[in-house]
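1. the following comprises the amino acid sequence and a computationally predicted model.
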Amino acid sequence: MTKLYSDLAYLYDALYQTFIDYDAEFTLYETLIQPHQATSVLEIGCGSGHLASRFVAAGYAYTGVDVSPQMLDLARQRCPEAYFELADMRTLALARTYDAVLITARSLSYILTNADVLSTFRQLTSHLSPTGTLHFDFIDAGTFLSGLNPEAVVEHRAVYDGQTYLRQSRYTPNLTTGFSWDWHSDFFIEVSGQPLQPVAQDDATLRAFLPAEIRLLLQLAGSTVLSEQKQPTYAFDTWVFSAAVG
């Protein structure tokens with residue numbers, strides 16, 4: 001597991017609530033699930049609970065799943081009314097079904113092999129109610145990898161709770177498991193009038209997908225695509241897919 005979701009969970013929480021518009025994310029997913037009369041939601045990759053608090057406030061029966069204990073600690077503090085479970089999406093086995101299953105925050109990017117993606121889709125669709133739907137986002141390989149420059153340093157700044165953070169990232173192609181790349185990040189705190197203060201480093205390998213790959217993997221998992229749409233984010237061009245069993 002990348003350190004950003006474990007030892008550095010506090011840093012993720014500070015950075016990403018300035019990078020991501022969680023109100024817009026909630027609106028997006030609610031717009032997708034409302035036509036199917038969903039009242040219960042299972043979120044995979046729930047992180048530190050920003051969407052959880054919004055789903056609970058809107059009256060949904062909500063369960064959040066994440067592979068990081070540190071992230072779940074933050075989520076439980078943020079939204080004590082929700083139910084959270086420590087689990088891996090590839091092998092998930094909960095004792096109930098849901099009207100909507102969501103994989104949010106481009107979490108599918110950490111599932112590197114086709115076999116594991118297929119297992120993930122099968123496990124998650126087994127948690128759908130008879131009329132339930134699956135919704136998820138993923139990074140667009142066609143636009144991201146074609147523009148990848150391993151020599152470039154990509155900077156993201158964030159101000160949270162009076163503190164300014166800087167992340168400097170390098171992306172290096174690594175096609176051993178698909179349209180994947182290695183992501184090295186250096187994190188700094190900016191202190192007025194002083195040099196940048198380094199606080200942490202992190203390394204991870206992630207995967208992007210072509211829409212055609214996702215369609216095929218869903219088909220092999222016994223699912224049908226209901227809709228697909230492009231969705232811009234702060235750093236990546238993203239696709240959002242909806243699917244159902246059958």
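-> Nice, I can see it.

2. doesn't Thr63 belong to a strand?
-> Yes - secondary structure of Thr63 (DSSP: H, G, I helix; E, B strand; the rest coil): part of a strand.

3. measure it to Ala95 for me?
-> 11 Å (C-beta to C-beta, to the nearest Å). Where C-beta positions appear, they are placed from N, C-alpha and C, glycine not excepted.

4. looking at the two, which has the bigger crowd around it?
-> Thr63 (22 against 5; other C-beta atoms under 10 Å).

5. check the most centrally placed residue in the chain and give its pLDDT.
-> Centroid-nearest residue in the chain, with C-alpha atoms, centre = their mean: Ala105, separated by 2.3 Å. pLDDT recorded at Ala105 is 91.

6. give me the distance between the residue lying closest to it once chain neighbours are set aside and Ile103.
-> Of all residues not flanking Ala105 in the chain, Gly45 sits nearest, at 5.2 Å (C-beta to C-beta, 6 or more residues apart in numbering). Going from Gly45 to Ile103 by C-beta to C-beta gives 6 Å.

7. any residues in contact with both of those two?
-> Met89 (C-beta atoms under 8 Å, 6 or more residues apart in numbering).

8. re earlier: tally of neighbours for the residue nearest to Ala105?
-> 24.

9. ok, now the one 10 residues further on?
-> Neighbour count for Phe55, taken as other C-beta under 10 Å: 26.

10. got a list of contacts for the lowest-mean-pLDDT helix or strand in the chain?
-> Least confident helix or strand of the chain, by mean pLDDT, DSSP states H and E, is helix 9-19 with a mean of 78. For helix 9-19, the external contacting residues (C-beta under 8 Å, 6+ apart) are 4-5, 47-48, 50, 68, 70-71, 73-74, 105, 156, 158-161, 163, 165, 167, 187, 199-200, 234-235.

11. where do the strands sit along this structure?
-> 40-44, 61-66, 83-86, 98-103, 128-139, 154-160, 163-173, 179-190, 197-208, 223-232, 237-245 (DSSP state E).

12. what's near enough to touch Gln197?
-> Phe188, Ile189, Glu190, Val191.

13. now swap in Leu210 and tell me
-> Contacts of Leu210 by C-beta under 8 Å, 6+ apart are Asp140, Ala141, Gly142, Phe179.

14. of those residues, keep whichever come out buried.
-> Applying 16 or more other C-beta atoms under 10 Å to these, the neighbour count classes Asp140, Ala141, Gly142, Phe179 as buried.

15. need those in a markdown table with pLDDT and distance to Ala9, can you?
-> Shown next, in a markdown table, are the buried ones among the contacts of Leu210 (pLDDT from 0 to 100; distance: C-beta to C-beta, whole Å):
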| residue | pLDDT | distance to Ala9 |
| --- | --- | --- |
| Asp140 | 96 | 27 |
| Ala141 | 96 | 28 |
| Gly142 | 94 | 31 |
| Phe179 | 96 | 27 |
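
16. mind splitting this structure into its structural domains?
-> Domains of the chain are assigned by automatic domain parsing as 3-142+208-245, 143-206.

17. which of those domains has the lowest average pLDDT?
-> domain 143-206 (a mean of 90).
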